[in-house]
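Q: Sequence first, then the predicted structure:
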Amino acid sequence: MPAPTPKPSVTEREARQVAEAAREQDWRKPSFAKELFLGRFRLDLIHPHPMPADEDAQRGEEFLAKLRDFCETKIDSARIEREAQIPDEVINGLKELGALGMKIDTKYGGLGLTQVYYNKALALVGSASPSIGALLSAHQSIGVPQPLKQFGTQEQKDEFLPRCARTDISAFLLTEPDVGSDPARMAMAAVPDGDDAYVLDGVKLWTTNGVVADLLVVMARVPKSEGHKGGITAFVVEAAADGITVENRNAFMGLRGLENGVTRFHQVRVPAAHRIGPEGAGLKIALTTLNTGRLSLPAMCVGAGKWCLKIAREWSGEREQWGKPVAFHEAVGAKISFIAATTFALEAVLDLSSQMADEDRNDIRIEAALAKLYGSEMGCLMADELVQIRGGRGFETAESLAARGERAVPAEQVLRDLRINRIFEGSTEIMHLLIAREAVDAHLKVAGDLIDPDKSLSDKAKAGAKAGGFYARWLPKLVTGPGQLPRSYAEFHPGGHADLSPHLRYVERSARKLARSTFYAMSRWQGKMETKQGFLGRIVDIGAELFAMSAACVRAELLRTTEEHGREAYQLADTFCRQSRIRVDELFERLWTNTDGVDRQVVKGVLSGTYTWLEEGVVDPSGEGPWIADATPGPSKRENVHRPIR
């Protein structure tokens, strides 16, 4: 049998080509966010707000009632934090409740919940224990169920989905000790062994659920050979298979109940029937799975925001300073307003994106990515503001508060638990690049060959003609639009409510300005555009704010026409939009007035040792050891810490 392939050595260009080949190339359905980045405010794609079917809502509400009772009576969040482990009886209780199969079709034993109600369930259980929310999310959003639902054979679905729905926990294994968001360098090998099996060798890092998992989705590189296309490929692997060792259970600053580890594969034989999709499709499967799977993270951020608002309201009304409750001091009140308005907007973004995913009428790859990016960033800010509102009590642990006779409010824990969301499933920096790539897709389709150094002069000439036609039609539409007409979007100014129509006009004008800015940047930097990560990040952040403003207004109008809180919803949407517009104006200013250039110079100086004198006067308490652990394939030399749930 051939030896495992060594870790590939790739250039930056080759790495980008691998990532480009894995992304969905076509847009077969409309996308509100894609249109927004192109300067087209397609309010018709999200308004009126889509709604779940009555039977879906009824089934979802019934499960939420059962889950709420379980969270209130069976989950001891303090115990999970203290023992750094979710008790087996809690996990078994979730299994009995059907929580492992929330998104799995009923014909396989699952609950068949919609994305909307799945996310509501994650927000609920995540408020009781973020570690449990992470366990359920990793199992269903990126673990075995989702890729099999989208890419699995009928035989694979029949074999694995009933297990995932009721008994078996799944994990997703992509990252390696020296491979994060650069999968072109993946070293995990899957060597064909005849026609009916592959042999896996390598090490996977940060395997969420991996310590307790029964089933694994593993990404590994198949070497190219006769009869084998090769490339990164996805497999379903039994966690108890011979040759698999969980070598470490990792510990983190937050999510202390997270069952995340290091897993080594040594000569692990996997049936070819357990391969998901064709060889070489693994990365595309992973990215496609994440298109909706990413919505689980903002769901838990929404839950955290709701909890932060509750604690901020109760505490700041009770705590008095200088003769009145601290809530009525403007410095504190501004923080409370931010938490309330932002929670409303995040829930609007989440519910809108989720309902669009359920309807499957729109391509939501950008919307889901924006929801993840915006939710994780704003969730951390809300938790940080709550800690500030609580003062010293915010910094104090819940256990310490209880020990001295006060309410055990885990504000600092929530801040620690939320911090990982800016890294999980694509860091903020990677999300900026991913979304930016999708945002400029239309430009690259018509003008990409113009800036590609590998294209011939004739190719560039053809691209120039194609681009000329596109921009001749597109650019004039960026000059004027409904946002300049004072009566546009008048339906968002009902009597007796705040007026949201100016905010939608602002979104429309800003979308055109955003598109003009992107076009100017591409004209200015051309092929170097992909290196301007600061600029691209601000472009994406503007788009995220505009999407959130749009979602908040549409949700407010929905609540006005269907529920009793319409007036309050309009007020929250108005407040959020006013706050958001200040951020957008600042981001537009920073597109062209920033320190990106001098920052690059300082970085060069730091890495060359120019500023080592600045590091003098301290000691480094770090331990000894390599920056990146050795992951050479071979048999494990460590104890297997895999923990089956009893």
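A: That came through fine.

Q: All the helices of the stretch 501-646 of the chain, residue numbers only.
A: Under the criterion DSSP state H, counting those that start in this stretch, the stretch 501-646 of the chain contains helices at 501-525, 533-562, 566-592, 596-608.

Q: Can you classify residue 216 as helix, strand or coil?
A: Assigned with DSSP: H, G, I helix; E, B strand; the rest coil, residue 216 falls in the strand class.

Q: so who does it touch?
A: 144, 170-173, 207, 210, 236-239, 263 (CB atoms under 8 Å, 6 or more residues apart in numbering). No exception for glycine: its C-beta is placed from N, CA and C like everyone else's.

Q: Which of those residues fall in strands?
A: Among the contacts of residue 216, the members found in strands (DSSP state E) are 170-173, 207, 236-238, 263.

Q: helix or strand for residue 219, which one?
A: strand 215-222 (DSSP states H and E).

Q: Could you export the ones in strands among the contacts of residue 216 as CSV, including pLDDT and distance to residue 567?
A: Converted to CSV, the ones in strands among the contacts of residue 216 look like this (pLDDT from 0 to 100; distance: CB to CB, whole Å):
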residue, pLDDT, distance to residue 567
170, 97, 45
171, 97, 46
172, 94, 44
173, 95, 49
207, 95, 48
236, 98, 51
237, 98, 54
238, 98, 56
263, 98, 53
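
Q: With respect to burial, which of the helices of the stretch 501-646 of the chain scores highest?
A: The highest average neighbour count among these, using mean count of other CB atoms under 10 Å, belongs to helix 533-562 at a mean of 23.

Q: Quick one: list the elements packing against that one.
A: helix 32-37, helix 330-359, helix 365-390, helix 428-439, helix 501-525, helix 566-592, helix 596-608 (3 or more CB pairs under 8 Å, 6 or more residues apart in numbering; DSSP states H and E).

Q: And the ones you listed, which one averages the lowest pLDDT?
A: Note on those: helix 428-439 shows the lowest mean pLDDT, a mean of 92.

Q: going on from it, what's the next piece of helix or strand?
A: Next element after helix 428-439 (DSSP H and E): helix 441-447.

Q: Show me what that following helix is packed against.
A: helix 457-474, helix 501-525.

Q: So which of these is nearest residue 112?
A: Nearest to residue 112, of all the helices and strands packed on helix 441-447, is helix 501-525, at 35.5 Å by CB to CB.

Q: The closest one - contacts with which helices or strands?
A: Partner elements for helix 501-525 (3+ CB pairs under 8 Å, 6+ apart): helix 32-37, helix 441-447, helix 533-562, helix 566-592.

Q: what does the first one contact?
A: The reference is to helix 32-37. 27, 41-42, 45-46, 356, 362-364, 366-367, 370, 438-442, 511, 514-515, 518, 539, 543, 546-547, 550.

Q: Run through the chain and note the low-pLDDT ranges.
A: Counting by pLDDT under 70, the chain has low-confidence residues at 1-22, 451, 453.

Q: one step back: go through the contacts of residue 216 and name the one nearest residue 609.
A: Comparing the contacts of residue 216 against residue 609 with CB to CB places residue 207 closest, at 36.6 Å.

Q: From what I see, that closest one and residue 262 are in contact.
A: Yes - Residue 207 is in contact with residue 262 according to CB atoms under 8 Å; the separation is 7.1 Å.

Q: The two - which one has more neighbours?
A: A direct count of neighbours by other CB atoms under 10 Å for residue 207 and residue 262 places residue 207 higher, at 27 against 24.

Q: residues contacting that one?
A: 171-173, 175, 213, 216, 246, 260-263.

Q: neighbours around residue 87, how many?
A: When neighbours are counted by other CB under 10 Å, residue 87 comes out with 16.

Q: Need the nearest residue in space to it, chain neighbours excluded.
A: In space, and not counting its chain neighbours, residue 87 is closest to residue 79: 7.1 Å by CB to CB, 6 or more residues apart in numbering.

Q: next one: residue 560
A: residue 566 (3.1 Å).

Q: The one you found and residue 559 touch, don't they?
A: Yes - taking CB under 8 Å as the definition, residue 566 is a contact partner of residue 559 at 5.1 Å.

Q: rewinding a little: got JSON lines for the helices of the stretch 501-646 of the chain, with distance to residue 92 too?
A: Output for the helices of the stretch 501-646 of the chain, formatted as JSON lines (distance: least, CB to CB, whole Å):
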{"stretch": "helix 501-525", "distance to residue 92": "48"}
{"stretch": "helix 533-562", "distance to residue 92": "37"}
{"stretch": "helix 566-592", "distance to residue 92": "40"}
{"stretch": "helix 596-608", "distance to residue 92": "50"}
